[in-house]
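Enquirer: Coordinates for the following, if possible.
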Amino acid sequence: MSGTPPERPAVGVDVASIARIARALERHPTFARRCFTAAEARVSRGRPERFAGRWAVKEAVRKVCGARGWPIPPYAAIEVRRAPGQAPRAFIGGSSVPGLAVSLTHDAGVAIAVALHQGGHRAPAGLSPPGGPAPLSLPERSPTGHKGTFGTVAVIAGHARYPGAPVLCTLGALRGGAGKVRAVVPAAPGAAAPFPPEVILQTIVPGRSGGFAPPAMRTACEAVDGSQAVAVGPGLGQAAETAAFLAGLLAHLGGAGGATGARQPPLVLDADGLNLCAADPRLLAAIPRGSVLTPHPAEMARLLGRPTAAVQGARTAVASELATRLESVVVLKGAGTVIAGPGGQVSVDPHATSVLATGGSGDVLTGLISALLAQGAAPLDAARAGVFIHGEAGRLLEEERGRAGLLASEIADRCVEAQELVRRTLEDSART
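Expert: Residues are numbered from 1 along each chain as shown. Model prediction:
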């Protein structure tokens, strides 16, 4: 991003299988056109090792961009040029990148690329979204840690008509690295949706509407008091009795509780939790400071009482406005997700893929951000990293399988590799 650059170099490394790239070229006729420039395709035609080498360089450069907190450029926007007898050079958007050097070698059927960006250089033109620097940060994963080290997420979600939403939220929390995930859902005994066996499941008797009602408060509060992060909202429904339940839960989360009277864990509020707050100013005012709200554009429009078109026309401004008003972090979802902090911090995530445009994708993101909070990340850091990992999971799926037909549960599963990719990139950058 623009502004004062990091002092330390950023490093990206990638290894590409020549055989895998050859198969992709054969099976997907549009692969070369989508990911390589016309000049690259011309000099590489009939030579899969050349395609693989350029692919590895592109991946390494994208990792450098991620380490720097810059938007991730599309593959075709990165061009690898190699004059005879000279080292390869990488260009973004047709321009050279000051301080960026790349190296490339082939060995035993693979292409190996390293990209190094020296400190003291600004982002290349065209790669500076609004809002200033927003470096990613992930909680540590100690090799001697245990499930208690990585925290517990309480998921309070679901309705008789929407049993899948809490399942997807718990998947996001599990794949995000939470040590334990506890789900409280309204369901008759033995009738709950099939949760992963790793989830600690507690069912409560549904209210008259089929969802949460005030009698469920005790069970919900017990789950909250034993957790390090709380996810509320997916599939709740919008019945009056659920609004009354949410009012009690927000009051509990906003104060001291539990056996020690300690401050309650941070909240991630999504979906119908947001819709209920939009319908009642008292609920909106009761959202605890330091929470993370994850509205899509229509939910944001309800929260602000404005048309959706007005929200979409001023995404960074409205996200920052709500974050300041509620003293919380706001994640305005969509292509180029906006993450706004209560102190005026705004960043725009670079990902845009239709893979994420599927029912339940937002539930996975809610669980993922909750998992990062449970592991000790600050709300703004958890939101930025969660959105980026979620987007990377979608990107990886798009490259491997296509742009349509992917499931939210598959996005959750791919978050494992996406987070590890981000983590190793950040660790490599820190070591240099």
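Enquirer: Where does pLDDT dip in the stretch 101-250 of the chain?
Expert: Residue ranges of the stretch 101-250 of the chain with pLDDT under 70: 120-135.
Enquirer: what sits up against the strand or helix carrying L25?
Expert: Per DSSP states H and E: L25 is located in helix 18-27. Helix 18-27 is contacted from outside by F31, A32, P48, E49, F51, A52, W55, H106, G109, V110, A111, using C-beta atoms under 8 Å, 6 or more residues apart in numbering. No exception for glycine: its C-beta is placed from N, CA and C like everyone else's.
Enquirer: Model confidence for the first one, exactly?
Expert: According to the predicted model, the pLDDT of F31 comes to 82.
Enquirer: what's the pLDDT at the residue nearest to it when sequence neighbours are not counted?
Expert: Counting by C-beta to C-beta, 6 or more residues apart in numbering, F31 lies nearest to A24, which is 5.0 Å off, once chain neighbours are set aside. pLDDT, A24: 88.
Enquirer: One more: S95?
Expert: pLDDT for S95: 75.
Enquirer: start the count at 750, not 1, going forward
Expert: I'll keep to 750 as the first residue from here, and by that count the last item is S844.
Enquirer: Look up phi and psi at it.
Expert: When read as degrees, to the nearest 10, the backbone of S844 gives phi -110, psi 150.
Enquirer: hang on, the earlier thing: packing partners for the very next helix or strand once past the helix holding L774?
Expert: Sequence-wise, the next helix or strand downstream of helix 767-776 (DSSP H and E) is helix 780-784. Where contact means 3 or more C-beta pairs under 8 Å, 6 or more residues apart in numbering; DSSP states H and E, helix 780-784 is packed against helix 767-776, helix 797-817.
Enquirer: Identify the residues contacting the nearest residue to F800 once chain neighbours are set aside.
Expert: Spatially, and ignoring its direct neighbours in sequence, F800 is nearest to S793 (4.8 Å; C-beta to C-beta, 6+ apart). S793 is in contact with F785, R799, F800, R803, counting by C-beta under 8 Å, 6+ apart.
Enquirer: wait, V764 sits on A860?
Expert: Yes - between V764 and A860 a contact is recorded at 7.3 Å, counting by C-beta atoms under 8 Å.
Enquirer: Pull up the overlap in contacts between those two.
Expert: Jointly contacting V764 and A860 under the rule C-beta under 8 Å, 6+ apart are A805.
Enquirer: Neighbour count: those two, which is higher?
Expert: A860 (25 against 13; other C-beta atoms under 10 Å).
Enquirer: is that one in a bridge, and if so with what?
Expert: A765, H855 (DSSP bridges).
Enquirer: so how far is I1160 from P797?
Expert: Between P797 and I1160 the computed distance is 30 Å (C-beta to C-beta, to the nearest Å).
Enquirer: Settle it for me: which of the two has more neighbours?
Expert: Remark: of P797 and I1160, I1160 carries more neighbours, 29 against 21, as counted by other C-beta under 10 Å.
Enquirer: does the more buried one count as helix, strand or coil?
Expert: The three-state label given to I1160 by DSSP: H, G, I helix; E, B strand; the rest coil is helix.
Enquirer: hang on, the earlier thing: who wins for neighbours among the contacts of S793?
Expert: R803 (30 neighbours).
Enquirer: Contacts only, for the closest residue to that residue other than its chain neighbours.
Expert: Of all residues not flanking R803 in the chain, V829 sits nearest, at 4.4 Å (C-beta to C-beta, 6+ apart). Residues near V829 by C-beta under 8 Å, 6+ apart: E789, G802, R803, V806, K807, P837, R838, A839, F840, V851.
Enquirer: rerun at 10 Å
Expert: By C-beta atoms under 10 Å, 6 or more residues apart in numbering, V829 lies in contact with 785-786, 788-789, 792-793, 799, 802-807, 810, 837-840, 851, 853, 862.
Enquirer: ok but it is inside a strand, no?
Expert: Yes - V829: assigned to a strand according to three-state DSSP.
Enquirer: Can you name the residues bridging to it?
Expert: Note on V829: beta-bridge partners A839, judged by DSSP bridges.
Enquirer: Buried ones among the contacts of V829?
Expert: The neighbour count (16 or more other C-beta atoms under 10 Å) marks 785-786, 789, 793, 799, 802-807, 810, 837-840, 851, 853, 862 as buried among these.
Enquirer: Find the centremost residue of this structure, please.
Expert: Nearest to the mean C-alpha position of the chain, by C-alpha atoms, centre = their mean, lies V1136 at 2.3 Å.
Enquirer: My understanding was that it contacts G1111; is that so?
Expert: No - in this structure V1136 lies outside contact range of G1111 using C-beta atoms under 10 Å: 11.0 Å.
Enquirer: Please enumerate the shared neighbours of those two.
Expert: Each of T1043, V1080, K1082 lies in contact with both V1136 and G1111 under the rule C-beta under 10 Å, 6+ apart.
Enquirer: which one of the residues you listed is nearest G1140?
Expert: K1082 (10.5 Å; C-beta to C-beta).
Enquirer: about what we covered before: among the helices and strands packed on helix 780-784, which is nearest A1126?
Expert: For these, the distance to A1126 is smallest for helix 797-817, at 17.1 Å, taking C-beta to C-beta.
Enquirer: quick one, the closest one and helix 767-776 angle?
Expert: Going by axes from the mean of the first three to the mean of the last three C-alpha atoms, to 10 degrees, helix 797-817 is angled at 100 degrees with respect to helix 767-776.
Enquirer: Report the distance from helix 797-817 to the chain centre.
Expert: Distance of helix 797-817 from the chain centroid (C-alpha atoms, centre = their mean, to the nearest Å) equals 22 Å.
Enquirer: sorry, back to before: quick one: the residue nearest to R803 from A864, how far?
Expert: For V829, the distance to A864 equals 10 Å [C-beta to C-beta].
Enquirer: which residues do the two both contact?
Expert: With C-beta under 10 Å, 6+ apart, V829 and A864 have common neighbours A805, V806, K807, V810, A839, V851, L853.
Enquirer: Quick check: phi and psi on the residue nearest to F800?
Expert: Backbone geometry at S793, expressed as degrees, to the nearest 10, gives phi -100, psi -10.
Enquirer: Quick one: end-to-end length of stretch 955-964, please.
Expert: End-to-end span of stretch 955-964 (C-alpha to C-alpha, to the nearest Å): 9 Å.
Enquirer: try stretch 1116-1131
Expert: Separation of the first and last residues of stretch 1116-1131 by C-alpha to C-alpha is 11 Å.
Enquirer: Now it: buried residues?
Expert: Within stretch 1116-1131, judged by 16+ other C-beta under 10 Å, the buried ones are 1116-1124, 1126-1131.
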